[in-house]
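Student: No sequence on hand, only this structure:
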């Protein structure tokens, strides 16, 4: 057991590229967590997608043993938190497991507005914030100016030496000041509190599936002790398990005899599915356990839904197995079988947010080598239905536009709204305000921080669910950032819009829109489909309709020429290859009536472009 | 017309004085061509083909290229003579030479005639000097017209090529040019819409934005106009780009389109015979070396599967105005007519006027011809096309 006074639990807050991963790697290296040979770049982000996108999806934690200048050995637990709004809840659970945070700021670039959100979140958890000014050896570095900026914007002391409460000056890349960071952690971040003799309460910080160990659970013990052989229960999930292993990551996995109060570590308990080990749950002993769960638990609530269909219908079973396997490691998405007239059999999946959707989709295609058609993302609408001849009035939840009920029975539709906070250099503010207005946004706040603006909007989630983030990034040249939280349901004048191709409704293209923007959206979709669907041997009308009323129309002209002019004895093989290519191309399309629609079109048709 | 089991013999002469920017054929520019060595090599390569196709008669010979009119006429003579000796030639066997319409080459026509050539195909390409310069041709329009007239005096059968749907060409200008071409009264014309082929000078120019091919819809209009104008002049299309007085069709090329056997001799020549696909080494030097080493220039000889042969027969046969007898084709490959074409699609496109189905005969209509590649992808069933 480690004395509470010798434990420090902290996370790192940093803007992208300000050096979080490099600093983390240096801390690991300096404390001997890994040898030089074992170090690989950016150890903490261990999934391909995480590395590529520079974001963290699963919380990682590393236990470092550091012998400080006072001669004592400390246990430092570095908690790496998920870095995206879709995982805000997971972030809050990780932060709750810490007592402090390093705020890493680039010595040349200064404080980025969007890091503020994370700092404030950390402050909400009563964290001691330890500023670290990194990259001080860059030619453009201005550590003094940045220190003043931190004081001014964040409101914590940053000038002066670190020993006197100022920022630690580092260059993680060159190894400068890393030792000082460790000393500052020991000196300034408060140790955790806890009672070894009290009934066990441990917070379930994260869980993931490991093919060798089964489900691995990351825990922070508050009171009591976790040991191998202990019978525990998950207070929210209601299940009981026998702990068969306790340990920590250094970052190598090491087994321990126990995890005491204030400590962070992992346990395994023969659990097969992460669904049984939900983030935020409280673990206690079966016998003489705690009576009250830790606060802050929330059920994962999917907010964005879309259909995933295999391009090749024969891959349906493979898709089912792959989704089931992914779910072993991510209980926050849901799936159920869906069948579409056009796309055949697939799954309706629910996600925490858009990035989450993209990650799952990308993992399916990359790790499981599946070619997928993704239908338009949709939010969950609550529809109030009046009484019919056979049924009483009732309220239903609509996850899929294809299930839209008889409009005559609809009395009211509610849609989810979010509060979005956007940080941007103020030169892009005008375009961003226009984007938000176009998406039915209501501005509630606008403040300036240095040369940057922070604008708060209330927006219907269905306006954000598709391509809002891409558009925001594109009009701000990547500089704007976006954070959101759900603020409940509001009544909306919503209708179902059908898209008809060659006079046949295409279920996978139908969507729920606000009546006020339906015509514009319909026109946009028809125009884009006109470009996305190749010309056929006959002309193809494309229409957007609400009920029986056509609100927009385009026509794809018939193809007039597609022929090989010269074809003699030597050209047969080439012509045959062309035919094979055409056939393969057709296999990647979906047929509606006699029209082949390329699979990309189902998503691309919804992009709202530059308007 | 040649009999169905006659063999067509294609002989490739791979050399040109320069490479034209639209051409992706197997042609090479060389300072020195050793005519004796080439004569020996082509004769040997032909003997190899004969060894595998003995017992059959040759119904037509076609000298293609490259620019076979650059060959010494005696070389062509030796090849024709050997073909006659090995296989025997059908009576009135069609022996065609592709020729450039320069005055130099026109001067050799008589000698080719004496060597046995009885049909010439002239690469006129245009009757306008600016267009000829654009197409990178060595001859002038005046020279070309003189060459056509000279050929008409010497050979009973003359055809020439024109390239149209050139960038910026309008309907009126093409109509006038085609009218002048038809006025020569040749029995046959090949009228090709300009196609940008990968790897050619034009493909590079398009990629660099210096050349803008004609809009396909405009080209489609010119195609329709061409069909009407040639039909009115008594030279209807019998294939997508080929027009002839009835009975004056190219026997040799019909062999390809009817998917009958042909032997291919010389660098890069393709053959289809006895269910085998053959291809010779393309590079002239490699070809010569292989012939020296093993007596022939074969680079690849591959047995074709039945499905492959059927898809080839369909994609070639439907190019012809006469259409395709599905029952006869099915009988040749021991299958049923139903297995050759997606009947539902055929009916759908028949309603649109692109296809005609009469009994066992499937024909692409004149309206369907400019859309043939798209129609093939619809009509040829998936099981005949390798995935």
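Tutor: Now that the structure is in, tell me what you want to look at. Remember, it's a predicted structure, so these values are computed and weren't measured experimentally.

Student: From now on I want contacts and neighbour counts done on CA atoms only, so please keep to that.
Tutor: Noted.

Student: Now do the one helix or strand residue B:374 maps to: everything it contacts.
Tutor: Taking DSSP states H and E as the definition, one finds residue B:374 inside helix B:372-379. Contacts of helix B:372-379 with the rest of the structure, by CA atoms under 8 Å, 6 or more residues apart in numbering or on different chains, involve A:537, A:562-564, A:579, A:582-583, B:315, B:318-319, B:341-343, B:345-346, B:364, B:368.

Student: hmm, try it at 6 Å
Tutor: Outside of helix B:372-379, the residues within contact range by CA atoms under 6 Å, 6 or more residues apart in numbering or on different chains are A:562, A:563, B:341, B:342.

Student: Surely the first one is in contact with residue B:369?
Tutor: Yep, that's residue A:562 we're talking about. No: assessed by CA atoms under 6 Å, residue A:562 is found out of contact with residue B:369, at 8.8 Å.

Student: Mind pulling up the pLDDT for residue A:503?
Tutor: You'll see residue A:503 listed with a pLDDT of 93.

Student: cool, residue A:55 as well?
Tutor: Model confidence at residue A:55, given as pLDDT, is 46.

Student: Look up how far residue A:588 lies from whichever residue of the stretch 301-450 of chain A sits closest to chain B.
Tutor: Residue nearest to chain B within the stretch 301-450 of chain A: residue A:312 (13.2 Å; CA to the nearest CA). Separation of residue A:312 from residue A:588 (CA to CA, to the nearest Å) stands at 8 Å.

Student: for residue A:367, same thing?
Tutor: 20 Å.

Student: And the longest helix along chain A, how far out from the chain middle?
Tutor: Determined from DSSP state H, the single longest helix within chain A is helix A:515-532. The chain centre lies 29 Å from the centre of helix A:515-532; the measure is CA atoms, centre = their mean, to the nearest Å.

Student: Buried residues, that helix. List them.
Tutor: Applying a neighbour-count criterion of 16 or more other CA atoms under 10 Å in any protein chain shown, one finds A:515, A:518-519, A:521-530, A:532 buried in helix A:515-532.

Student: now residue B:277, which residues is it bridged with?
Tutor: Bridge pairing for residue B:277 (DSSP bridges) gives the partners residue B:272, residue B:302.

Student: isn't it right next to residue B:302, touching?
Tutor: Yes: with contact defined as CA under 6 Å, residue B:277 counts as touching residue B:302 (5.2 Å).

Student: Turn the contacts of helix B:372-379 into a markdown table, including pLDDT.
Tutor: Formatted as a markdown table, those follow (pLDDT from 0 to 100):
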| residue | pLDDT |
| --- | --- |
| A:562 | 96 |
| A:563 | 95 |
| B:341 | 95 |
| B:342 | 93 |
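
Student: Narrow those to those that are buried.
Tutor: Among these, those classed as buried by 16+ other CA under 10 Å are A:562, A:563, B:341.

Student: What are the contacting residues of the longest helix seen in chain B?
Tutor: Across chain B, the longest stretch assigned as helix under DSSP H is helix B:35-53. Residues outside helix B:35-53 that contact it (CA under 6 Å, 6+ apart): B:75, B:265, B:266, B:296.

Student: Quick check: of these, which has the highest neighbour count?
Tutor: In terms of neighbours by other CA atoms under 10 Å in any protein chain shown, the contacts of helix B:35-53 top out with residue B:266 at 32 neighbours.

Student: which residues are there in chain B that come within reach of chain A?
Tutor: Applying CA under 6 Å from any CA of the partner chain, one finds that chain B approaches chain A through B:192, B:216, B:217, B:220, B:256, B:270, B:370, B:371, B:372, B:373, B:385.

Student: which bits of the stretch 501-611 of chain A sit near chain B?
Tutor: The interface of the stretch 501-611 of chain A toward chain B, taken as CA under 6 Å from any CA, is made up of A:560, A:561, A:562, A:563, A:565, A:569, A:570, A:580.

Student: can you put the residues you listed in a markdown table and add secondary structure?
Tutor: Below are these laid out as a markdown table (DSSP: H, G, I helix; E, B strand; the rest coil):
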| residue | secondary structure |
| --- | --- |
| A:560 | coil |
| A:561 | coil |
| A:562 | coil |
| A:563 | coil |
| A:565 | coil |
| A:569 | coil |
| A:570 | coil |
| A:580 | helix |
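
Student: Could you export these as a markdown table, including distance to residue B:289?
Tutor: Converted to a markdown table, these look like this (distance: CA to CA, whole Å):
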| residue | distance to residue B:289 |
| --- | --- |
| A:560 | 47 |
| A:561 | 43 |
| A:562 | 40 |
| A:563 | 38 |
| A:565 | 34 |
| A:569 | 24 |
| A:570 | 22 |
| A:580 | 34 |
